Structures are given as C-alpha cells and as structure tokens.
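> I would like the atomic coordinates for the input below:
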Amino acid sequence: MNVSLEQAIEIHARALSRRLKSDAPANARERAAQLKEKGDHEGHLVWLNVAETSERLLSGGEEPQFASSRLEH
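Residues are numbered from 1 along each chain as shown. Purely as a prediction, here's the structure:
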C-alpha cells in the first residue's frame, strides 16, 4: 500500500488533532520549527502543512487543501 505525502499529512493531522485537540496546530508548528533549525527544509514544510490541516479539521473543515507547490521545493 502506497501512501502519498498528502495522505500522510492528513493522517498525522487527524491523529494529532484527536490526541491534542486545540493544541495540535501549535505542536505541529513547534515540530516544524525544530526541523527548520536542523536544516530539514522539506520536513519543516511538511509539518507546517500538518499544522494547517489540523487547523482546518478542528474548525470543522473536512477537505484538506495542501500547499503542494511548497512541498515540491
């Protein structure tokens, strides 16, 4: 079974949102910042997308909209 990056982001966002509730976006942004400090640009962008997706899920939005162009860099 292959899981796309977008699917993985949604899976992580859903799990984080269920576990941490309203703290999920901040937790994902903290992880993104840690990765940026370590020089992991792609990981940084992925976790920013996890944060954005968890925000959408928590606000009642069900359809994730990924910044695909940001992930391609």
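> show me what stretch 8-23 is in contact with.
For stretch 8-23, the external contacting residues (Cβ atoms under 8 Å, 6 or more residues apart in numbering) are 3, 24, 27-28, 46, 49-51, 53-54, 57-58, 64, 66. C-beta: built from backbone N, CA, C; applies to glycine.
> repeat the analysis, applying 7 Å as the threshold.
Outside of stretch 8-23, the residues within contact range by Cβ atoms under 7 Å, 6 or more residues apart in numbering are 24, 27, 28, 46, 49, 50, 53, 54, 57, 58, 64, 66.
> most neighbours among these, please name it.
Most neighbours among the contacts of stretch 8-23, by other Cβ atoms under 10 Å: residue 54, with 30 neighbours.
> quick one, what contacts that one?
Applying Cβ under 7 Å, 6+ apart to residue 54 gives the contacts 13, 16, 17, 24, 25, 28.
> secondary structure class for it?
helix (DSSP: H, G, I helix; E, B strand; the rest coil).
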